[in-house]
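1. just the structure for this:
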Amino acid sequence: MTARIVSLAEAVAELVHDGDTVALEGFTHLIPVAAGHEIIRQRRRGLTLVRMTPDIVYDQLIGAGCAAKLIFSWAGNPGVGSLHRFRDAVQHAWPVPLEIEEHSHAGMANRYVAGASGLPFAVMRGYSGTDLPAHTATVAPIQCPFTGEMLTAVPALNPDVGIVHAQRADRRGNVQFWGITGVHKEVVLASARSLVTVEEIVDELTPMPGAVVLPGWAVTRVALVPGGAHPSYAMGFSERDNDHYQAWDAISRDRDTFGQWLTEVLG
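-> Take a look at the predicted model:
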C-alpha cells in the first residue's frame, strides 16, 4: 500500500477531526506551517496539539480557538520572545481555556520514539533536579530492575495525526527529507494517520547525503505544497524568513490585530 497524493485541503478534511491529538513537527526546519493554516481554515476545534517546540504556527492555532490542550517542551517565538496568543489562552482563557502538559525536549523525543516502537513508555535519566515531575502527571519515577537505579518514565506519544513537511516525494508516496530532520520519522511512525506536505513531487527520488526516506506504506497522505514551511525553511528550497518572525510579535500582542490577521487566513 502506498500513500495517496491529494490536495492539502482534502488531506486535512480527511485526516484531522475535532478532538483529535495532532502533532505538527519540525525542529526550526521543515515546519508544516501551511498545514497548520489549513487546520485553522477548516475550523477544527478541541484539538490536543503536540509539539517539541511550539512556535508561531501553534500560537496561531491556539489564537484561532483550535486547541483545548498543548503537550510541549518549549514554547516561544524563536529569536524574538514570547508567544502572546499562547500566553493569553493560559492566563486569560482567550479565546478558549488551554490545558498544558510540559516536558523537556528529551522527554518529548523519547515519547515519540516509544510510540514509534510500539512500546508503552520510555525510560530516561532526565528530569532529575527539576520540578516538572511535581507538575506533570505523565512523568514518573521508575526503578531499574537490574541495577536498582532510579530513572524516569514517560508514556508513549501516539497522536491521531502526525503532520510534517519534507523536500520531496515520488509518485508512489515515498518521502525524502534531509538537513535538520528532528523527529519527523518518529512522529510519522508513531501516529495513527500521517500527512506529509512536500516541496516537489518527482518520478524518482535522487539519493542525498544523510537523507531520510519514509516509505509510502508508512505515510497516509502526501500533499504538494511548495513553500509549505514558510516562514521556517526547507533546506535546498528556501531560507528562513526572520522578518516574518519579528513581524508576528506585533501582530500577536493585540487581540484585534490578531483578529485581522485571522480574517485574512480564513479568506
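
2. can you pull out the helices in the stretch 151-267 of the chain?
-> 184-190, 242-253, 255-266 (DSSP state H, counting those that start in this stretch).

3. ditto for the stretch 1-150 of the chain
-> Using DSSP H, counting those that start in this stretch, helices in the stretch 1-150 of the chain cover 8-15, 33-41, 56-63, 84-92, 105-117, 132-135.

4. and the angle from the third one to helix 84-92?
-> Orientation of helix 56-63 against helix 84-92 (axes from the mean of the first three to the mean of the last three C-alpha atoms, to 10 degrees) gives an angle of 40 degrees.

5. go on, the second one?
-> Per the same axes, to 10 degrees, the angle that helix 33-41 makes with helix 84-92 is 50 degrees.

6. which of the helices of the stretch 151-267 of the chain sits most buried?
-> helix 184-190 (a mean of 24; mean count of other C-beta atoms under 10 Å). Quick note: C-beta positions are derived from backbone N, CA and C, even for glycine.

7. tell me what that helix is packed against?
-> The contact analysis (3 or more C-beta pairs under 8 Å, 6 or more residues apart in numbering; DSSP states H and E) places helix 184-190 against helix 105-117, strand 161-170, strand 193-202, strand 212-214.

8. just name the shakiest helix or strand of this protein by mean pLDDT.
-> helix 132-135 (a mean of 90; mean pLDDT, DSSP states H and E).

9. quick revisit: most tightly surrounded among the helices of the stretch 1-150 of the chain?
-> helix 56-63 (a mean of 26).

10. which residues does it contact?
-> Taking contacts as C-beta atoms under 8 Å, 6 or more residues apart in numbering, the residues outside helix 56-63 that touch it are 24, 31-33, 36-37, 39-40, 47, 49, 51, 67, 70, 72, 75, 77, 83-86, 88-89, 95, 98, 231, 245, 248, 252, 258, 262, 265.

11. now do that helix: distance to the chain's middle.
-> Relative to its chain's centre, helix 56-63 lies at 11 Å (C-alpha atoms, centre = their mean, to the nearest Å).

12. do the same with stretch 147-159
-> 22 Å.

13. next, the distance between the ends of that stretch.
-> Length of stretch 147-159, first residue to last, C-alpha to C-alpha, to the nearest Å: 33 Å.

14. next, the buried residues of that stretch.
-> Leu151, Thr152, Ala153, Val154, Pro155, Ala156, Leu157, Asn158, Pro159 (16 or more other C-beta atoms under 10 Å).

15. same question, stretch 162-180
-> Buried-residue list, stretch 162-180, by 16+ other C-beta under 10 Å: 162-170, 173-179.

16. quick check, nearest of those residues to Ala134?
-> Gly162 (29.6 Å; C-beta to C-beta).

17. surely that closest one touches Glu25?
-> Yes - the criterion here is C-beta atoms under 8 Å, and Gly162 meets it with Glu25 at 7.1 Å.

18. can you work out which residues contact both of these two?
-> Val187.

19. on the pLDDT front, check the nearest residue to Tyr233 once chain neighbours are set aside for me.
-> Leaving out its chain neighbours, the residue that sits closest to Tyr233 by C-beta to C-beta, 6 or more residues apart in numbering is Arg240, at 4.3 Å. As predicted, Arg240 sits at a pLDDT of 97.

20. repeat that for Asn174.
-> 97.

21. what sits against the residue nearest to it when sequence neighbours are not counted?
-> Distances taken as C-beta to C-beta, 6+ apart place Gly216 nearest to Asn174, at 4.8 Å, with adjacent residues excluded. When contacts are counted by C-beta under 8 Å, 6+ apart, Gly216 touches Met1, Thr2, Ala3, Arg172, Gly173, Asn174, Val175.
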